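# Build me a structure from this.
(chains A and B)
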Amino acid sequence: DGGITQSPKYLFRKEGQNVTLSCEQNLNHDAMYWYRQDPGQGLRLIYYSQIVNDFQKGDIAEGYSVSREKKESFPLTVTSAQKNPTAFYLCASNPGTSGYNEQFFGPGTRLTVL
Amino acid sequence: KQEVTQIPAALSVPEGENLVLNCSFTDSAIYNLQWFRQDPGKGLTSLLLIQSSQREQTSGRLNASLDKSSGRSTLYIAASQPGDSATYLCAVRDTNAGKSTFGDGTTLTVKP
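Take a look at the predicted model:
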């Protein structure tokens, strides 16, 4: 089945640690996105990539880093510089850079700082 | 900067009722508007996508409309069922920034 997978489903981090969240898609989509969702709120864009080896900052990129070495993979690293990382993280993709395309989402990773 | 507002934040209705969820946005320069459903602790499931040139889209008991000039969209749910209980989010894709802006969602509870 085609879709977006995220792992792990739950992640616990100690203060000062970097952690990496995985996002993989087999939809052959060019564009991929990372969002953060806090309780009772909508989604805020962290980073996005429209093509392999290229990515742009979203609205809340500070304390996060990404890479896009393969079309199907877009991992997100939450660094120790992110002061309040506890949140629900969602990865999304769409077929291309055209603005008319539909976005698809993965199941999410819940990150908790201990 | 695009801002997206969803009213009400929460809604509780008895089973069988028809209902309308609202989404408003401040910048009409959009490619499309997408409605999603989110169950607790889960990702987003796409319900309907309306392109900027379209007025409405329908899927089963769901109907979404778009009035770009007034910056409004509605999601109409007919004959609501307890299984419709979830949070519904709308997202607007801007032509200016090429990114999507999300509302905070409306949490719907349908009581049996």
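# By proximity to chain A, which residue of chain B wins?
Closest residue of chain B to chain A, CB to the nearest CB: B:Tyr31 (3.1 Å). (Each C-beta comes from the backbone N, C-alpha and C, glycine too.)
# quick one: low-confidence parts of chain A?
Within chain A, the segments meeting pLDDT under 70 span A:1, A:97, A:99.
# Please repeat the previous calculation with a cut-off of 90.
By pLDDT under 90, the weakly predicted segments of chain A are A:1-2, A:13-16, A:39-42, A:50, A:80-83, A:94-102, A:113-114.
# Contact residues of it facing chain B?
Residues of chain A lying close to chain B by CB under 8 Å from any CB of the partner chain are A:6, A:33, A:35, A:40-45, A:48, A:58, A:88, A:90, A:92, A:97-100, A:102-108, A:110.
# Are we agreed that A:Ala81 is in a helix?
No: counting by DSSP: H, G, I helix; E, B strand; the rest coil, A:Ala81 is not found in a helix; it is coil.
# I'd like to know how many residues surround the nearest residue to it once chain neighbours are set aside.
Nearest residue to A:Ala81, sequence neighbours excluded (CB to CB, 6 or more residues apart in numbering or on different chains): A:Gly63, at 4.4 Å. By other CB atoms under 10 Å in any protein chain shown, the residues close to A:Gly63 number 15.
# thought A:Gly63 was touching A:Pro85?
Yes: between A:Gly63 and A:Pro85 there is a contact under CB atoms under 8 Å: 7.2 Å.
# dump the residue contacts of the closest residue to A:Lys71 other than its chain neighbours.
The shortest distance from A:Lys71 to any non-neighbouring residue, by CB to CB, 6+ apart, is to A:Val52 (5.3 Å). Residues counted as contacts of A:Val52 (CB atoms under 8 Å, 6 or more residues apart in numbering or on different chains) are A:Arg68, A:Glu69, A:Lys70, A:Lys71.
# Including distance to B:Gln54, could the residues you listed go into JSON lines?
Output for these, formatted as JSON lines (distance: CB to CB, whole Å):
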{"residue": "A:Arg68", "distance to B:Gln54": "32"}
{"residue": "A:Glu69", "distance to B:Gln54": "37"}
{"residue": "A:Lys70", "distance to B:Gln54": "35"}
{"residue": "A:Lys71", "distance to B:Gln54": "30"}
